[in-house]
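> Show me how the following folds:
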Amino acid sequence: MTVEDLPQLRRLATDPDSLGPDWGGYGDPGHFDRRLGEDGLLSDHDGMLAIDVGGRCVGQVSWRAVRHGGSHHCWGIGVSVFPEHRGCGHGWRAQRLLVDYLFATTPVHRIEAKTRADNAAEQQALAKLGFTLEGTLRGAQFKDGEWRDTMLFSLLRTDR
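The predicted structure follows:
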C-alpha cells in the first residue's frame with residue numbers, strides 16, 4: 001500500500017457501494033492512514049496489500065491470524081475488489097498470489113476464507129484456488145436486518 005492508494009481504501013469505510021453486499025457499515029476512514037504510517041499495514045498478526053492494476057488500486061487482499069486453540073494460528077484471508085473492477089479476474093489472481101506469499105513466508109499449515117452463502121463468484125474463486133468447502137456457519141453474519149449464513153473454506157499446505 002502507498003499513500004496514493006489511501007483515497008481508494010477510505011472508500012471501504014465510507015462508501016456503501018464499495019463492497020456491495022459485503023459492506024459492513026461506516027468506519028473510521030483515518031484508520032488506513034494511521035496504519036500505513038505506523039506499520040505499512042503489515043504486522044505479525046495481520047496485513048493488507050493493494051491489488052494494483054496498471055498503477056491503480058482496484059481492491060485489496062488482507063490476512064489476519066486466526067486461532068482455533070493451541071499455540072499456533074492459521075491465516076484468515078479476504079479480498080475486496082471495487083465494483084467498477086469486478087468480473088475481470090483481479091480478485092482470484094490476487095488471492096492466488098496472497099496464498100503463495102503466505103505459504104512461502106510463514107510456517108502456517110492452514111489458510112481459511114469465509115464468504116456469504118449467496119456469493120457464488122467467490123465460492124467459485126476459492127474452489128479454483130484449491131480451497132475445500134468445510135461447511136456452513138449458520139446465521140453467522142447480521143446484514144440488512146437479518147442473520148445470514150456464511151461458508152467456510154480452507155486450504156492446507158499439504159493440499160497444494
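> those strands in this protein, which residues are they?
46-53, 56-67, 73-81, 110-116, 132-143, 146-156 (DSSP state E).
> Partner strands of the fifth one, with direction?
Strand 132-143 has the following sheet partners, assigned by DSSP bridges: strand 146-156 (antiparallel).
> As a markdown table, the strands of the chain with mean pLDDT, distance to Ser18 and mean neighbour count would be great.
C-beta: built from backbone N, CA, C; applies to glycine. Output for the strands of the chain, formatted as a markdown table (pLDDT from 0 to 100; distance: least, Cβ to Cβ, whole Å; neighbours: other Cβ atoms under 10 Å):
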| stretch | mean pLDDT | distance to Ser18 | mean neighbour count |
| --- | --- | --- | --- |
| strand 46-53 | 95 | 13 | 19 |
| strand 56-67 | 95 | 9 | 18 |
| strand 73-81 | 95 | 8 | 21 |
| strand 110-116 | 96 | 16 | 20 |
| strand 132-143 | 94 | 15 | 12 |
| strand 146-156 | 96 | 19 | 16 |
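> Show me the one of those that comes nearest Leu36.
Nearest to Leu36 among the strands of the chain is strand 46-53 (9.2 Å), distances taken as Cβ to Cβ.
> how far off strand 56-67 does the closest one point, in degrees?
160 degrees (axes from the mean of the first three to the mean of the last three Cα atoms, to 10 degrees).
> what residues are up against the residue lying closest to Val81 once chain neighbours are set aside?
Of all residues not flanking Val81 in the chain, Gly59 sits nearest, at 3.7 Å (Cβ to Cβ, 6 or more residues apart in numbering). By Cβ atoms under 8 Å, 6 or more residues apart in numbering, the contact set of Gly59 is Ala50, Ile51, Val79, Ser80, Val81, Phe82, His85, His90, Gly91, Ala94.
> How about the contacts made by Leu152?
Contacts for Leu152 (Cβ under 8 Å, 6+ apart) come out as Glu112, Ala113, Lys114, Leu133, Glu134, Gly135, Thr136, Leu137.
> how close does the nearest residue to Ala140 once chain neighbours are set aside sit to Phe142?
Spatial nearest neighbour of Ala140, excluding adjacent residues (Cβ to Cβ, 6+ apart): Thr150 at 4.2 Å. Separation of Thr150 from Phe142 (Cβ to Cβ, to the nearest Å): 11 Å.
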